[in-house]
Structures are given as structure tokens and as C-alpha cells.
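Colleague: sequence and predicted structure below; questions after.
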Amino acid sequence: MNATTVTTATPAPLDLPFDLDALLADSLAAKAEAAKGKAIRKTLATTQLNSAERAELSEKLALWETKREWTPKANVLVLATQQCLSCGSLHTHIVGTFQRQSHRHSKIDRWVKPEVSASSNDLPKETKEEVTQVAMCFDCKEQFGW
């Protein structure tokens, strides 16, 4: 009978560009944060709370949602323009600077006041103009007896 010799080599350690333990810890932390958010929502929906407790939990939920559910997409300069139906002129003023954020699970965007200056981050800059029509403007108000 022929005897065959089988040798087994110890595999070389993997040279991965990331730490598996750190990835696992991050994943578990994210799962724990999601569970906290879900628990707060459930408490708000099913538990009788006084106004101070409700306000505190609502604030915690809003912070959690902002951190986990909303992604900053752009710095936005919001303009309000009125178009006069009398003379046809346009009057524009700046409403303010906001941050456009997209929701992680839906196609909803929201515009919120940024916590830091809009020029302090690398987000793209956008302009959002809201146009409304008015019966008269400041320039032609005297024609209507004002």
C-alpha cells in the first residue's frame, strides 16, 4: 500500500485594511442606538407622560433622528420673491441660510437651520426661491389708496 503524506500549512495572517473588531463594535453600537430610538418612540406613543417628560423624550428623539436618519446634502440660501399682479414687478428678500437634509429611508427633504456656519463645511451651495403672487406691492400701494 502506498502511503501519502498530507502536510497542512498554517495560513498567513490576513492583512486587512480594517479592524473586524472595530467594525463589529460599530455595528453593535448602531443597532443599540436604533433600539433606543424605537424605545423612545414607543414610550411617547403608549405611555402617559407629563409635559416635561414628554418634552425631554421628544428632544432626545429629535437629536437621535437628526444624527441617524437625516443626511446633510447642501447649504441652501432661501429667497422669498413676491410678484405683484398689479405692476408685474418682483421683490426679493433673503429668508436665511438653511441646510437641506435627505431622509435615509424615503425621498423626503427638509431644510433646517444649521448648527454651524454654512461656510464651515464642504457641502455644495444651492439657492431655493419661493415665489408668491400678491395683489399689490410696496411700489404700487398708493394706487389702491394705502
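Modeller: Arrived safely. Residues are numbered from 1 along each chain as shown.
Colleague: please make it C-alpha for all contacts and neighbour counts, starting now.
Modeller: Will do.
Colleague: can you report phi and psi for the residue most central in space within the chain?
Modeller: Centroid check for the chain by CA atoms, centre = their mean gives residue 70 as the closest residue, at 2.9 Å. Geometry field for residue 70 lists phi and psi as phi -120, psi 130, criterion degrees, to the nearest 10.
Colleague: so how far is residue 110 from it?
Modeller: Residue 70 sits 9 Å away from residue 110 when distances are taken as CA to CA, to the nearest Å.
Colleague: quick one: residues contacting residue 71.
Modeller: The neighbours of residue 71, taking CA atoms under 8 Å, 6 or more residues apart in numbering as the test, are 101-104.
Colleague: what lines up beside the helix or strand residue 131 falls within in the sheet?
Modeller: When elements are defined using DSSP states H and E, residue 131 is found to belong to strand 125-134. Strands that pair with strand 125-134, judged by DSSP bridges, come out as strand 70-84 (parallel).
Colleague: what residues sit buried inside the strand it pairs with?
Modeller: For strand 70-84, burial by neighbour count (16 or more other CA atoms under 10 Å) applies to 70-79, 81-84.
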